[in-house]
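Novice: Generate a structure from the sequence data that follows.
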Amino acid sequence: MRSGQAFGALLLIACVLAFTSGCIASEEVQVKSGDTVKVHYTGTLENGTVFDSSTGREPLEFTVGSGEVIPGFDAGVTGMQVGEEKTLHIPADQAYGPYREDLVFVLDPAGITGGENLTVGDQVGILLQDGQVLPAKVVAVSADAVTINANHRLAGEDLTFHISLVEIV
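Specialist: Numbering: from 1, shown residues only. Below is the predicted model:
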């Protein structure tokens with residue numbers, strides 16, 4: 001082999017090795033706060049009931065540490081690598097918080113615009129003093145009272161998520 005060919009062969013081998021080690025390094029990248037990630041997940045309650053899943057949909061995309069997802073989910077994704085799967089057990093205080101009785105309101109239907117038309121299961125908004133609207137659900141209706149619950153439907157629940165990290169965007 002002439003010296004020019006030998007040099008070219010060594011250069012090719014060096015490029016292949018550099019490319020390969022670059023691929024290995026990228027596989028070792030771990031999720032950190034500020035990263036935007038895509039995950040597939042299935043969420044279950046303690047009794048095994050599935051309450052949400054990305055199965056059959058696009059993966060969930062969010063920025064870690066931004067408050068877009070519950071704190072326990074955020075913390076559980078941190079440190080994962082693409083392709084990794086894990087199961088997270090998230091206590092209520094790291095999920096949707098405890099169930100709060102002070103978020104259940106019994107109101108006179110006469111004091112609610114359209115109150116006479118409310119039915120159990122209706123989604124309503126409670127206007128707070130600061131102008132924000134708190135989402136709530138009608139849980140009971142009678143002639144003299146409408147009961148509205150502003151707790152998240154999963155408040156007070158410990159949750160389990162099986163997650164798979166699809167991509168760090």
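Novice: Against residue 154, how distant is the residue nearest in space to the middle of the chain?
Specialist: In the chain, the centroid-proximal residue (CA atoms, centre = their mean) is residue 69; its distance is 4.0 Å. Separation of residue 69 from residue 154 (CB to CB, to the nearest Å): 13 Å. For every residue, glycine as well, the C-beta is placed using N, CA and C.
Novice: Only the C-alpha atoms, please, for stretch 96-107, written as CSV.
Specialist: What follows is stretch 96-107, C-alpha atoms only, in CSV (Å, rounded to 0.1, in the frame of the first residue of the first chain):
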residue,chain,number,x,y,z
TYR,A,96,-52.4,16.6,42.5
GLY,A,97,-52.2,17.2,46.3
PRO,A,98,-54.5,16.2,49.0
TYR,A,99,-58.3,16.2,48.7
ARG,A,100,-59.5,19.5,50.2
GLU,A,101,-62.9,19.9,51.7
ASP,A,102,-62.5,23.7,51.5
LEU,A,103,-62.7,23.3,47.7
VAL,A,104,-66.3,21.9,47.9
PHE,A,105,-68.9,24.7,47.7
VAL,A,106,-72.6,24.5,48.4
LEU,A,107,-74.4,27.4,46.6
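Novice: next one: it to chain centre, how far?
Specialist: 22 Å (CA atoms, centre = their mean, to the nearest Å).
Novice: Which residues outside it are in contact with it?
Specialist: Residues outside stretch 96-107 that contact it (CB atoms under 8 Å, 6 or more residues apart in numbering): 70, 92, 115, 126, 136, 139, 145-152, 154-157.
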